[in-house]
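Undergrad: The following block contains a protein sequence and its predicted model.
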Amino acid sequence: MTNDTQSPEMIDGFHLVIDALKLNGIDTIFGVPGIPITDLTRMAQAEGMRVISFRHEQHAGNAAAAAGFLTQKPGIALTVSAPGFLNGLTALTNATTNCFPMILISGSSEREIVDLQQGDYEEMDQLAIAKPLCKAAFRVLHAEDIGVGVARAIRAALSGRPGGVYLDLPAKLFAQTMEAGAGKASLIKVVDPAPRQIPAPDSVQRALDLLKGAKRPLILLGKGAAYAQADADIRALVETSGIPYLPMSMAKGLLPDTHGQSASAARSYVLAEADVVLLVGARLNWLLSHGKGKTWGGPNAATRQFIQIDIAPTEIDSNVAIAAPLIGDIGSCVSALVAGMGSNWAKPPADWTGAIYERRDKNLAKMAATLALSPSPMNFHSALNVIRNVVKARPDAIVVNEGANTLDFARSIVDMYEPRKRLDVGTWGIMGIGMGFSIAAAVVTGKPVIAIEGDSAFGFSGMEVETICRYNLPVCVIVFNNNGIYRGIDVNPTGGADVAPTVFVKNARYDKMMEAFGGVGAHATTPQELQSALDEAIRSGKPTLINAVIDETAGTESGRITSLNPTSAAKKK
Ligand code: ADP
Ligand code: TZD
Ligand code: MG
């Protein structure tokens, strides 16, 4: 109420930040409280936002990144200054590397003191440090600029190639006040933050001409295609063209892995043999052997041509020449291709598709035989076979996956049936995303989450099982316990008291960690025990950790990327 005798109603920086986020449809914050943002977390909760409080900022940041990938809204991570900010930075950079939209908001110390290096509490020039590590970085110094700061952060995170954005909010800002009406008027609701980008018609025609002439075409779907939420268009592209497709790890489930045109189980064959490859939201980085070399060998290596759909024009030609770049958003590009194909598009030659599907079916039969075995102790196959069947029965469950062997085997054994149900170590192959991604997936979707974790991988974020219990989330963590990194059998060559660098405490009981916080712990040494514990976890929705005992000799060094490990000719036997 305002009149001549009363001072006008005021609003402070805290509430302007909260209102700016809410105005843009952001309803969840992942963070760790402390100076100067403790009250921001309290007030956000009081204002009806969901505030998920973590034990370490890296996991809050990973949660924000996963939320961004799943929802196409930037996930928000909130941290304190210097150390909290730095703890969040790995996640921000990882999100940027993966093209996931998120905003890391960190409180910071007083500018005057920081810039004169006078030793403020948690002093650090955070903006300068964040800048080279993310897509964009902004600092807001005045309350009246909070609306602009938040709007710029949202637009930077979502537009074009999505990525991580840093927003620096100095402590002083939160207490600043302004007249409430002016404050409200200063906020910006971002209109169309990720505008459609329609591909140029001639680039569509160029791509179609190339595809039409192909004798051995292949479609490669990447996690950009999953992010784009153009699921029906992508299915139409695959099915109208009749072209075999290969999903990258997080594109699994865009079409069910059991789809008749899936070439997953004939991966090395199709990469080596394809003559025209259509990349849809997938980069030709190390995960695709940079589009060259032995993986892409075979008779067509010299003449192979690429079509690449991407929203980032500078991605084109990053590793090999791209004959037909198609720049735009995936939905627009893919639907333009489908429209151009019309109803009587000639399917690819039967000798190509036949050869692929024959190899695939042979490999699948081989795998089925391996999966049917039940060795004691369990190996990766027999344990993953249980999860494979559970996911088949619950295709809406979200799978989170990290580790080395645990990752590589799960990726090929556990079929996915729905889009955006698989979250993993992504472009960097980073360990530590497990619990943050799981928490975000549960919070954002309400669906059951199955986290398939190497015992080493789990350790990076293991303390967040308390967070899972605190919020009573439907997360079932399955630790593939093989006593170490890759394997549990290395020994110290000197015979000294220290164990080898890759091995952990033998027979550890990770399930007790979940029990410590009131969740359900289970210890599984057979597929039957694993099955009943996992079924019960899905049924009850209770936080659960299953310690799955895996043969400590079963893994290989670095899983399937042994070739990237430098070895020395001088290495002693
Ligand atoms: P993967 O690891 O699955 O192969 P990458 O992360 O390498 O996938 O590639 C994803 C690509 O998708 C990035 O180059 C990114 O620019 C692109 N991308 C992300 N979202 C969109 C979109 N909506 N439209 C077009 N391209 C997109
Ligand atoms: N640190 C970070 C942040 N990311 C990494 N990728 C690594 C270290 C190195 N690393 C891998 O690449 S996989 C892995 C590490 C430590 C763990 C593998 O052991 P695991 O899986 O127990 O998780 P398996 O099933 O035993 O192979
Ligand atoms: Mg292990």
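TA: Great, that's in hand. Owing to the predicted nature of the structure, the values given are computational and were not obtained by experimental measurement. Numbering: from 1, shown residues only. Ligands and ions are numbered 1, 2, ... in the order given.

Undergrad: give me every residue that touches the residue at minimal distance from the centre of the chain.
TA: For the chain, the residue nearest the mean C-alpha position is Leu423 (4.9 Å; CA atoms, centre = their mean). For Leu423, the contacting residues are 66, 69, 250, 398-401, 433, 437, 441, by CB atoms under 8 Å, 6 or more residues apart in numbering. Where C-beta positions appear, they are placed from N, C-alpha and C, glycine not excepted.

Undergrad: Tell me which of the residues you listed fall in helices.
TA: Cross-referencing those against helices under DSSP state H gives 66, 69, 437, 441.

Undergrad: Longest helix in the protein, please.
TA: Counting by DSSP H, the longest helix found in the chain is helix 350-372.

Undergrad: Considering the ones in helices among the contacts of Leu423, which is situated nearest to ligand 2?
TA: The closest of the ones in helices among the contacts of Leu423 to ligand 2 turns out to be Phe437 (CB to the nearest ligand atom; 13.8 Å).

Undergrad: Isn't that closest one up against Arg420?
TA: No. Contact criterion CB atoms under 8 Å: Phe437 and Arg420 do not qualify, at 11.9 Å.

Undergrad: Between the two, which is the more surrounded one?
TA: Phe437 (29 against 22; other CB atoms under 10 Å).

Undergrad: Just list the residues touching the more buried one, thanks.
TA: For Phe437, the contacting residues are 62-63, 65-66, 400, 423, 451, by CB under 8 Å, 6+ apart.

Undergrad: Can you find the residue of the stretch 151-300 of the chain that comes nearest to ligand 1?
TA: In the stretch 151-300 of the chain, no residue comes nearer to ligand 1 than Gly224, which is 1.9 Å away by CB to the nearest ligand atom.

Undergrad: Next, count neighbours for that residue.
TA: Gly224: 26 neighbours (other CB under 10 Å).

Undergrad: How about the one 5 residues further on?
TA: Other residues within reach of Gln229, judged by other CB under 10 Å, total 16.

Undergrad: So for stretch 374-381, mean pLDDT?
TA: Mean pLDDT, computed over stretch 374-381, is 96.

Undergrad: which other residues reach it?
TA: With CB under 8 Å, 6+ apart, stretch 374-381 has contacts from 370-371, 373, 382, 405-406, 409-410, 413, 480, 524-527, 530, 548-551, 554-555.

Undergrad: Can you mark which positions in that stretch are buried?
TA: By neighbour count on 16 or more other CB atoms under 10 Å, the buried set for stretch 374-381 is 377-381.

Undergrad: same deal with stretch 327-343?
TA: 327-338, 340-341.

Undergrad: among those residues, which are within reach of ligand 1?
TA: Contacts with ligand 1 within those, counted by CB under 6 Å from any ligand atom: 329-330.

Undergrad: of the buried residues of stretch 327-343, closest to Val140?
TA: Closest approach to Val140 among the buried residues of stretch 327-343 (CB to CB): Asp329, at 29.6 Å.

Undergrad: Just give the closest residue to that closest one, not the sequence neighbours.
TA: Of all residues not flanking Asp329 in the chain, Gln197 sits nearest, at 4.9 Å (CB to CB, 6 or more residues apart in numbering).

Undergrad: one step back: could you list which of the buried residues of stretch 374-381 belong to strands?
TA: Counting by DSSP state E, no part of the buried residues of stretch 374-381 is found in strands.

Undergrad: between these, which is closest to ligand 1?
TA: Among the buried residues of stretch 374-381, Phe380 lies closest to ligand 1 (CB to the nearest ligand atom), at 22.6 Å.

Undergrad: ok, Asn319 - how many residues close by?
TA: Number of residues near Asn319 (other CB under 10 Å) recorded here: 16.

Undergrad: I'd like the secondary structure assignment at it, please.
TA: Here Asn319 is recorded as coil under DSSP: H, G, I helix; E, B strand; the rest coil.

Undergrad: Quick check: it vs ligand 3, distance?
TA: According to CB to the ion, to the nearest Å, Asn319 and ligand 3 sit 32 Å apart.

Undergrad: What are the neighbouring residues in contact with that residue?
TA: So Asn319 contacts 284-285, 290-292 (CB under 8 Å, 6+ apart).

Undergrad: can you put those in JSON lines and add pLDDT and distance to Arg359?
TA: What follows is the contacts of Asn319, written out as JSON lines (pLDDT from 0 to 100; distance: CB to CB, whole Å):
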{"residue": "Leu284", "pLDDT": "98", "distance to Arg359": "23"}
{"residue": "Asn285", "pLDDT": "97", "distance to Arg359": "26"}
{"residue": "His290", "pLDDT": "96", "distance to Arg359": "24"}
{"residue": "Gly291", "pLDDT": "96", "distance to Arg359": "22"}
{"residue": "Lys292", "pLDDT": "94", "distance to Arg359": "22"}
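
Undergrad: Keep those residues, but drop any that are not near ligand 1.
TA: Applying CB under 6 Å from any ligand atom to these, those adjacent to ligand 1 are Asn285.

Undergrad: With neighbour count and distance to Ala153 added, can I get the contacts of Asn319 in TSV?
TA: Below are the contacts of Asn319 laid out as TSV (neighbours: other CB atoms under 10 Å; distance: CB to CB, whole Å):
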residue	neighbour count	distance to Ala153
Leu284	24	30
Asn285	15	27
His290	15	33
Gly291	21	34
Lys292	14	38
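
Undergrad: Quick check: the farthest pair among the contacts of Asn319?
TA: Asn285 and Lys292 (11.9 Å).

Undergrad: Surely Ser289 forms part of a helix?
TA: Yes. Under three-state DSSP, Ser289 sits within a helix.

Undergrad: Report whether the expected contact of it with Arg283 is present.
TA: No. Counting by CB under 8 Å, Ser289 stays clear of Arg283, with 11.9 Å between them.
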